[in-house]
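Student: Quick one, fold the following:
(chains A, B, C and D)
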2 protein chains.
Amino acid sequence: MSQKAPDKLRFAAMAVDVVLFAVVDGKLSVLLGEVNRPPYYTNIEAFIGGLIFANETAEMALERHIRSKAELKKAYTEQLYTFSEIERDPRNRVISISYLGLVRPDALKQELCEGLRWCEVKKLPKLAYDHDEMFKVAISRLKGKISYTNIAQYLLPKEFTLSELQAVYELILGKEVDKRNFRKKIIALDMVVETGEMQQGVKNRPAALYRFTSEKLTELPLLI
Amino acid sequence: MSQKAPDKLRFAAMAVDVVLFAVVDGKLSVLLGEVNRPPYYTNIEAFIGGLIFANETAEMALERHIRSKAELKKAYTEQLYTFSEIERDPRNRVISISYLGLVRPDALKQELCEGLRWCEVKKLPKLAYDHDEMFKVAISRLKGKISYTNIAQYLLPKEFTLSELQAVYELILGKEVDKRNFRKKIIALDMVVETGEMQQGVKNRPAALYRFTSEKLTELPLLI
DNA sequence: GCAAAAGTGTTAGGTATACACCCATGC
DNA sequence: GCATGGGTGTATACCTAACACTTTTGC
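Tutor: Numbering: from 1, shown residues only, chains lettered A, B, ... in the order given. Alright, predicted model coming up:
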């Protein structure tokens, strides 16, 4: 079993922070929590996260914090970047390993804990610590990966219509795409496949339901 | 000034490790250092790196370790991934922030410190700690980025021939590319520009010298 | 003049883009 | 029957990939 290194080499606490994205009311949103740490940070928000304990890896701490703060069990997460600026938290030296997380709409039904809210990314306020920069890294990673992977699935229910899938692409890329060309490409790449089921209880022509052919993150030749 | 967090939250020492790539004798190589930490690691190598000190960011520690071990001042570096497995170093709990580094051939002239060597990527031995996995992350990042950025410049001298540039692409992608098509694309994208100078003292037709149009890492529409 | 690497265009096939109308359902 | 979103095909421009010979230099 590992021992502690000498005290003077253990100068920092370790934390994880996660930029959790979800589509809420048709808008790309991130989960924010209130921060109240006078005198440095009051009346300000930040991404959720918290310290890593001695018996945990970063991933274990990440899962613990996501579950405890938001009761979101099965979010997709991937590591983003580690922030180590000396004064990034003026109270203590804290090094933070940040993560990108994606939450499916099914998981949004649960109540959020006090002090948490989904905030549309277009209306993000100034955030505490270095979380403004963290957001930039996260949104840039998400924009990049949606174009050459099937990562969009983690923002959708397991079964979805092609219009819903297209809407996710348009939200993240921030531009409209042509419906016919989008469908041709998505299907030609075998990224999704029809389930055979149809939408129920809509007041217009019901759409065919699709699912992703792979539940794992997969790289594709090229996308959009 | 930041204070130390409570002792029980400071369970880990922080380290940086860097997978330094260079083209040595026409082969894609990485810099390895001997590891001798009985009883766990003897007669084994690993990437270079070392601890972060209390007054340093990860980037400062990275620069210090690169300079002291290899006297390579101006390597290009970017953060890769942070490894936090509890037993990754069986002696102490150490969390390591890994970096990808690229070294230009000009910088290779300097003597390496005792115990260091450039090892061809195709002949990599089994490495200490989790550095086998670290290598996979690094080579995968490098392969990805060479296709849509001008990152190849950091493995070349400031002035180079198009054949040398092509060789870097072939080494990293692990496949041959067509000379005419390669030149057309590179030039059409304005990635490089002729210096007006020619190669000197070669025993065949001298090639035109080129330089990159941007010294910064730049994303390009698409490449190869 | 010979060896060695530099340099240069064309064609065919495939991919990306732009674009407009009919269809199925609920009310 | 009307409002709503679902679903489909074609023509063009562009880009990609395949391919071989001439040129310049040192020896």
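
Student: so the residue nearest in space to the middle of chain A bridges to which residues?
Tutor: Centroid-nearest residue in chain A: residue A:101, 2.6 Å away (criterion: C-alpha atoms, centre = their mean). Beta-bridge partners of residue A:101, counted by DSSP bridges, are residue A:20, residue A:77.

Student: which residues are contacting the lowest-mean-pLDDT helix or strand in chain A?
Tutor: Here the helix or strand of chain A ranked lowest by mean pLDDT, DSSP states H and E is helix A:58-70, holding a mean of 94. Helix A:58-70 is contacted by residues A:14-16, A:18, A:20, A:31, A:33, A:48-53, A:56, A:72-73, A:75, A:77, A:79, A:97, A:99, A:101, A:110, A:112-113, A:116, B:82, B:84, B:95 when judged by C-beta atoms under 8 Å, 6 or more residues apart in numbering or on different chains. The C-beta positions use only the backbone N, C-alpha and C, and glycine is treated the same way.

Student: which strands and helices sit next to the longest helix seen in chain A?
Tutor: Ordering each helix of chain A by length in residues (DSSP state H) puts helix A:131-146 first. Helix A:131-146 sits against strand A:13-24, strand A:41-51, strand A:76-83, strand A:94-102, helix A:162-173, with contacts defined as 3 or more C-beta pairs under 8 Å, 6 or more residues apart in numbering or on different chains; DSSP states H and E.

Student: For the fourth one, what does the pLDDT average out to?
Tutor: If you average the pLDDT over strand A:94-102, you get 98.

Student: That one packs against which elements?
Tutor: strand A:13-24, strand A:41-51, helix A:58-70, strand A:76-83, helix A:131-146.

Student: Break chain A into its domains for me.
Tutor: Listed domain ranges for chain A are A:11-146, A:151-212 (source: automatic domain parsing).

Student: Minimum distance to residue B:129: which of those domains has it?
Tutor: Of all those, domain A:11-146 sits nearest to residue B:129, with 14.6 Å by C-beta to C-beta.

Student: rewinding a little: now do the longest helix of chain A and strand A:76-83, the angle between them.
Tutor: 130 degrees (axes from the mean of the first three to the mean of the last three C-alpha atoms, to 10 degrees).

Student: ok, and for helix A:131-146, which residues are buried?
Tutor: Using 16 or more other C-beta atoms under 10 Å in any protein chain shown as the test for burial, helix A:131-146 gives A:131, A:134, A:135, A:137, A:138, A:139, A:141, A:142, A:145, A:146.

Student: right, and the fifth one touches residue A:80 too?
Tutor: Yes - under the criterion of C-beta atoms under 8 Å, residue A:138 makes contact with residue A:80 at 5.9 Å.

Student: Touching both of these two, which residues are there?
Tutor: Common contacts of residue A:138 and residue A:80, defined by C-beta under 8 Å, 6+ apart, comprise A:19, A:98, A:100.

Student: tell me how far the ends of stretch A:96-112 are from each other?
Tutor: This stretch, stretch A:96-112, spans 24 Å end to end (C-alpha to C-alpha, to the nearest Å).

Student: got the buried residues for that stretch?
Tutor: Buried, per 16+ other C-beta under 10 Å, within stretch A:96-112: A:96, A:97, A:98, A:99, A:100, A:101, A:102, A:103, A:104, A:108.

Student: quick one, what contacts whichever residue of chain A sits closest to DNA strand C?
Tutor: For chain A and DNA strand C, the shortest gap (C-beta to the nearest atom of the strand) falls at residue A:205, measuring 3.0 Å. Not one residue lies near residue A:205 by C-beta under 8 Å, 6+ apart.

Student: rewinding a little: would you confirm that the residue nearest to the centre of chain A contacts residue A:18?
Tutor: Yes - Residue A:101 is within contact range of residue A:18, at 4.7 Å (criterion: C-beta under 8 Å).

Student: Give the residues shared as contacts by these two.
Tutor: What both residue A:101 and residue A:18 touch, as defined by C-beta under 8 Å, 6+ apart, is the set A:66, A:77.

Student: Write out the residues of chain A neighbouring DNA strand C.
Tutor: Residues of chain A found near DNA strand C, taking C-beta under 7 Å from any atom of the strand as the criterion, are A:178-181, A:184-185, A:201-206, A:222, A:224.

Student: Take the longest helix of chain A, keep the C-alpha atoms, and write them as PDB.
Tutor: Extracted in PDB, the C-alpha atoms of helix A:131-146 (Å, rounded to 0.1, in the frame of the first residue of the first chain):
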ATOM      1  CA  HIS A 131     -14.000  28.200 -14.100                       C
ATOM      2  CA  ASP A 132     -14.500  30.700 -16.900                       C
ATOM      3  CA  GLU A 133     -11.400  29.200 -18.500                       C
ATOM      4  CA  MET A 134     -12.600  25.700 -17.600                       C
ATOM      5  CA  PHE A 135     -15.800  26.300 -19.500                       C
ATOM      6  CA  LYS A 136     -13.900  27.400 -22.600                       C
ATOM      7  CA  VAL A 137     -11.900  24.200 -22.600                       C
ATOM      8  CA  ALA A 138     -15.000  22.100 -22.100                       C
ATOM      9  CA  ILE A 139     -17.200  23.700 -24.900                       C
ATOM     10  CA  SER A 140     -14.300  23.600 -27.300                       C
ATOM     11  CA  ARG A 141     -13.800  19.900 -26.600                       C
ATOM     12  CA  LEU A 142     -17.400  19.200 -27.000                       C
ATOM     13  CA  LYS A 143     -17.600  21.200 -30.300                       C
ATOM     14  CA  GLY A 144     -14.600  19.300 -31.600                       C
ATOM     15  CA  LYS A 145     -15.700  15.900 -30.600                       C
ATOM     16  CA  ILE A 146     -19.300  16.100 -31.900                       C
END
